[in-house]
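>>> Need coordinates for the following:
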Amino acid sequence: MSTESVDIQTHSGTFEIPVEVRWGDMDALRHVNNVAYFRYFEEGRVRLFSALQMEGGQGRYGVLAHASCDFLKPLLYPGRIVVGMALLRIGRTSLELDSWIAAEDDARNLYAKGRSVLVCTDSATGRPVPWTDADRQALIRCFSA
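Here you go, the predicted structure:
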């Protein structure tokens with residue numbers, strides 16, 4: 001196995017999923033609680049890894065190493081949103097995603113923007129392992145415009 005660092009900067013398309021805002025996502029102020037935004041981003045990542053067919057069954061899984069969110073405006077119940085992601089970078093063992101939450105009927109109507117870094121991890125050792133060529137190809141397919 002090569003120890004040479006692989007860092008691919010990418011101008012990807014997007015991976016998007018629709019999400020229904022639930023009543024239970026609201027807080028006492030009657031808008032969606034900030035924790036729910038992270039759950040929406042998580043749902044996007046889970047569905048991405050499902051599309052990649054990398055859900056831990058191959059002895060590897062993605063571990064969240066970093067997550068951030070800029071809250072742009074309140075999100076209210078009821079509603080339907082789109083969680084979108086763009087692949088920014090594929091490293092040797094990590095990948096970086098740009099994420100957003102937008103109104104389902106108007107992608108320019110943004111509620112939040114986020115960024116996350118995921119690390120490919122061996123399920124037996126808990127140690128980072130390199131993405132395979134098949135992983136890289138699957139990522140490129142998922143983010144093809």
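
>>> Scan this protein for its longest helix.
helix 34-51 (DSSP state H).

>>> Which strands or helices does the helix or strand following that helix pack on?
As assigned by DSSP states H and E, the chain's next helix or strand after helix 34-51 is strand 60-71. Packed against strand 60-71 by the contact rule (3 or more Cβ pairs under 8 Å, 6 or more residues apart in numbering; DSSP states H and E) you find helix 34-51, strand 106-122. (Each C-beta comes from the backbone N, C-alpha and C, glycine too.)

>>> Mind checking the pLDDT average for the last one?
So the one you mean is strand 106-122. Averaged over strand 106-122, pLDDT sits at 95.

>>> And it, what's buried?
In terms of neighbour count (16 or more other Cβ atoms under 10 Å), strand 106-122 has its buried residues at 111-114, 116-121.

>>> returning to what we had before: using TSV, lay out the helices and strands packed on strand 60-71 together with distance to Arg92.
Conversion of those to TSV gives the following (distance: least, Cβ to Cβ, whole Å):
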stretch	distance to Arg92
helix 34-51	18
strand 106-122	9
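
>>> closest one to Val19 among these?
helix 34-51 (5.5 Å; Cβ to Cβ).

>>> now this structure, which segments are flagged as low pLDDT?
Of all residues in the chain, those with pLDDT under 70 make up the ranges 1-12, 55-57, 145.

>>> contacting residues for the residue nearest the centre of it?
By Cα atoms, centre = their mean, the chain has its centre lying nearest to Arg45, at 3.6 Å. Arg45 is in contact with 62, 64, 85, 97, 116, 118, counting by Cβ atoms under 8 Å, 6 or more residues apart in numbering.

>>> so which of those comes closest to Met54?
Each of these was scored against Met54 by Cβ to Cβ, and Gly62 proved nearest at 6.9 Å.

>>> need the contact list for the residue lying closest to Ala36 once chain neighbours are set aside.
Excluding the flanking residues, the one nearest Ala36 by Cβ to Cβ, 6 or more residues apart in numbering is Asp25, at 4.1 Å. Asp25 makes contact with 32-33, 36, 39, 77 under the criterion Cβ under 8 Å, 6+ apart.

>>> To Glu20, which of the helices and strands packed on strand 60-71 lies closest?
Nearest to Glu20, of all the helices and strands packed on strand 60-71, is helix 34-51, at 10.3 Å by Cβ to Cβ.
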